[in-house]
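K.L.:
sequence plus predicted model, see below.
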Amino acid sequence: MPKIKDIEPTPNPNAMKFVLKEPLLSVGSRSYERPADAVGDPLAEALFAIEYVDSVFYMDRFLTVAKSPFGNWDELLPKLAVPIREAPSAAEAPAVPAPAGGDGASAQPYVDDDELLTRINEVLDEKIRPGLAGDGGGLEIISLAGRRLTIRYQGACGTCPSAIAGTLMAIENFLKADVDPELEVIAL
């Protein structure tokens, strides 16, 4: 069972990051925007059963929960800690595939240029994803069509106003400088 090492606020006031002593997953991530997406994932189902939980995102040694504006962190945090502590760690849990629609990291995006996508992912993995994870979030690629890259933010970044504006511009600038000056990045 993963023990909670720390609970950290994120730049998104409606999202909280739980830092764990043990990983929940050995590879990939899980991202759920609504309870129906979480069917088959016992941890996410238990979290969505708590009133005011709007989304769940987890990978490796952290889990981020976003709440509705009507929820109160002082009341929610003790309730959220129970299923997180009861969840098996990656070492304890049998390897099971992600439920349908629940794992953006393993979803196959539409791509018309595999070499370009590889270069994009290298830059994202080196310069962007670590910072997003530090704030309790992530990023998945939805498609690469021509020079148009479509992404979706996950976790705390999914509903954060700064992700939509400033972070998106920074991602596009890094990719234009390091990969292709003609790239256009669009967030869903």
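P.N.:
Great, that's in hand. Note that this is a predicted model, so its numbers are computed, not measured.

K.L.:
would you map out the domains in the chain?
P.N.:
Per automatic domain parsing, the structural domains of the chain span 4-86, 110-187.

K.L.:
you'd agree Ala167 is up against Cys157?
P.N.:
Careful, residue 167 is Thr; it's not Ala. Yes: because the distance of 7.0 Å satisfies Cβ atoms under 8 Å, Thr167 is recorded as touching Cys157. C-beta coordinates here come from the backbone N, C-alpha and C atoms, glycine included.

K.L.:
joint contacts of those two?
P.N.:
Each of Leu132 lies in contact with both Thr167 and Cys157 under the rule Cβ atoms under 8 Å, 6 or more residues apart in numbering.

K.L.:
which one of those two is surrounded by more residues?
P.N.:
When Thr167 and Cys157 are compared on other Cβ atoms under 10 Å, the one with more neighbours turns out to be Cys157, at 28 against 22.

K.L.:
now do the SS call for the more buried one.
P.N.:
Remark: Cys157 carries the secondary structure label helix [criterion: DSSP: H, G, I helix; E, B strand; the rest coil].

K.L.:
ranges for the strands of the chain?
P.N.:
Using DSSP state E, the strands of the chain run over 4-9, 15-20, 29-32, 53-59, 62-67, 110-111, 137-145, 148-155, 184-187.

K.L.:
what helices or strands is the third one leaning on?
P.N.:
For strand 29-32, the helices and strands in contact under the criterion 3 or more Cβ pairs under 8 Å, 6 or more residues apart in numbering; DSSP states H and E are helix 42-48, strand 53-59, strand 137-145, strand 148-155.

K.L.:
and the shortest one, by the same measure?
P.N.:
Packed against strand 110-111 by the contact rule (3+ Cβ pairs under 8 Å, 6+ apart) you find strand 137-145.

K.L.:
buried sites along the strand it packs on?
P.N.:
Of the residues in strand 137-145, those buried under the neighbour-count criterion (16 or more other Cβ atoms under 10 Å) are Gly137, Gly138, Leu139, Glu140, Ile141, Ile142, Leu144.

K.L.:
I appreciate the help and will end here.
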